[in-house]
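Enquirer: below: sequence and its predicted model.
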Amino acid sequence: MVGERVVSGNVNGRPYPQRKEHQSWQTKSDIVIRKTFVDGPDVLTWYDLHTTVASPVPVANWLHIEDGKITSLRVVFDARELAP
């Protein structure tokens, strides 16, 4: 569902439930950060997402931060190996 939060865990002390159809994140086994770039209010992290179902997937995670808060997030990766 577009715009629906699917993060599991706690954010600001409040739990975010994980929807059943998004439980594939339970297959995550490790994240290996390769590089972090900072350019003013923008932060890009390049990392390898290791899973129990596919070979490591390279991921780019771009955050924009204003007044100490994340105001936008873009994540790009090739999900073909993760598809059922």
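Expert: Okay, I see it.
Enquirer: so residue 55 makes contact with residue 81?
Expert: Yes. Counting by Cβ atoms under 8 Å, residue 81 is a contact partner of residue 55 at 6.4 Å. Placement of C-beta: from N, CA and C, glycine included.
Enquirer: so which of those two has more stuff around it?
Expert: Legend: neighbour count by other Cβ atoms under 10 Å for residue 55 and residue 81, higher for residue 81 (11 against 8).
Enquirer: spatially nearest residue to that one (excluding sequence neighbours)?
Expert: Excluding its sequence neighbours, the residue lying closest to residue 81 (Cβ to Cβ, 6 or more residues apart in numbering) is residue 54, at 3.8 Å.
Enquirer: do the same with residue 61
Expert: Of all residues not flanking residue 61 in the chain, residue 45 sits nearest, at 4.6 Å (Cβ to Cβ, 6+ apart).
Enquirer: tell me who's in contact with the closest residue to residue 70 other than its chain neighbours.
Expert: Using Cβ to Cβ, 6+ apart and skipping the chain neighbours, the partner closest in space to residue 70 is residue 63 (5.3 Å). For residue 63, the contacting residues are 42-45, 70, 72-73, by Cβ atoms under 8 Å, 6 or more residues apart in numbering.
Enquirer: avg pLDDT for the helix or strand where residue 63 lies?
Expert: Applying DSSP states H and E as the criterion places residue 63 in strand 57-66. Averaging pLDDT along strand 57-66 yields 93.
Enquirer: that one: which residues count as buried?
Expert: Residues of strand 57-66 classed as buried: 57, 59, 61, 63 (neighbour count, 16 or more other Cβ atoms under 10 Å).
Enquirer: what is the orientation angle of the longest strand anywhere in the chain with strand 57-66?
Expert: As assigned by DSSP state E, the longest strand anywhere in the chain is strand 28-39. On the basis of axes from the mean of the first three to the mean of the last three Cα atoms, to 10 degrees, strand 28-39 is oriented at 50 degrees to strand 57-66.
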